[in-house]
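A.B. asks: The following block contains a protein sequence and its predicted model.
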Amino acid sequence: MNDEHDAATGLFTAVGRTVVLVEDAEAALAFYRDGLGFTVLFDGDLGGYRLLHVGPAGGPAGGAGTGLWLMPAESAQARAAVGRQTGGMPLLVLHTDDLDRVAARLARLGVATRPGVPDGGPGRSLHFRDLYGNELIAAQL
């Protein structure tokens with residue numbers, strides 16, 4: 001197995017996007033961009049299909065950088081998974097330099113938070129949910 005691992009080392013250089021299934025792309029965009037301060041990495045049409053990618057502000061623009069693909073749930077199976085695509089586990093961990101600022105922003109938006117579980121490490125965290133119920137974690141390391 002180690003030979004297989006060694007052969008695969010270095011195949012990928014970065015994570016591009018993770019899919020977040022949404023009921024309404026505009027509402028999701030408002031939450032992530034206007035609420036959490038994400039920036040639009042890419043918003044374009046691909047033959048009648050909208051590609052809407054957002055990511056943390058300060059990251060590269062023009063479609064580069066790690067982010068979220070806010071994908072409308074169009075099939076019945078996808079609609080059933082909105083807000084539950086991780087089976088109740090957190091969808092995303094967002095790093096911050098100022099957890100108190102994040103907590104204050106979420107409070108102004110009316111987003112309920114709860115403290116993260118202390119693990120004895122040097123950081124702090126809080127849990128909150130997006131408008132579809134996906135659990136997100138903000139962590140200050």
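C.D. replies: It's in.
A.B. asks: hey, let's count contacts and neighbours off CA atoms from now on
C.D. replies: Noted.
A.B. asks: Please enumerate the strands of this structure.
C.D. replies: In the chain, strands defined by DSSP state E lie at 17-22, 39-45, 50-55, 67-72, 92-95, 113-115, 124-129, 135-140, listed in chain order.
A.B. asks: Need the ones you listed in TSV (columns: mean pLDDT).
C.D. replies: Putting the strands of the chain into TSV (pLDDT from 0 to 100) gives the following:
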stretch	mean pLDDT
strand 17-22	95
strand 39-45	93
strand 50-55	93
strand 67-72	94
strand 92-95	93
strand 113-115	94
strand 124-129	95
strand 135-140	95
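A.B. asks: Adding distance to residue 31, write the ones you listed out as JSON lines.
C.D. replies: Below are those laid out as JSON lines (distance: least, Cα to Cα, whole Å):
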{"stretch": "strand 17-22", "distance to residue 31": "11"}
{"stretch": "strand 39-45", "distance to residue 31": "11"}
{"stretch": "strand 50-55", "distance to residue 31": "11"}
{"stretch": "strand 67-72", "distance to residue 31": "11"}
{"stretch": "strand 92-95", "distance to residue 31": "15"}
{"stretch": "strand 113-115", "distance to residue 31": "15"}
{"stretch": "strand 124-129", "distance to residue 31": "11"}
{"stretch": "strand 135-140", "distance to residue 31": "13"}
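A.B. asks: Which one of those strands lies nearest to residue 82?
C.D. replies: Between residue 82 and the strands of the chain, the shortest gap by Cα to Cα is with strand 17-22, which sits at 5.3 Å.
A.B. asks: Adjacent strands (with direction) for the closest one?
C.D. replies: Strand 17-22 pairs in its sheet with strand 67-72 (parallel), by DSSP bridges.
A.B. asks: Near residue 10, how many other residues are there?
C.D. replies: Summarising burial for residue 10: neighbours were counted as other Cα atoms under 10 Å, giving 8.
A.B. asks: Need phi/psi at it.
C.D. replies: Backbone torsions of residue 10, given as degrees, to the nearest 10, read phi 90, psi 10.
A.B. asks: Show the contacting residues for it.
C.D. replies: Contact criterion Cα atoms under 8 Å, 6 or more residues apart in numbering gives no residues in contact with residue 10.
A.B. asks: per-residue pLDDT, it?
C.D. replies: At residue 10 the predicted local distance difference test score is 83.
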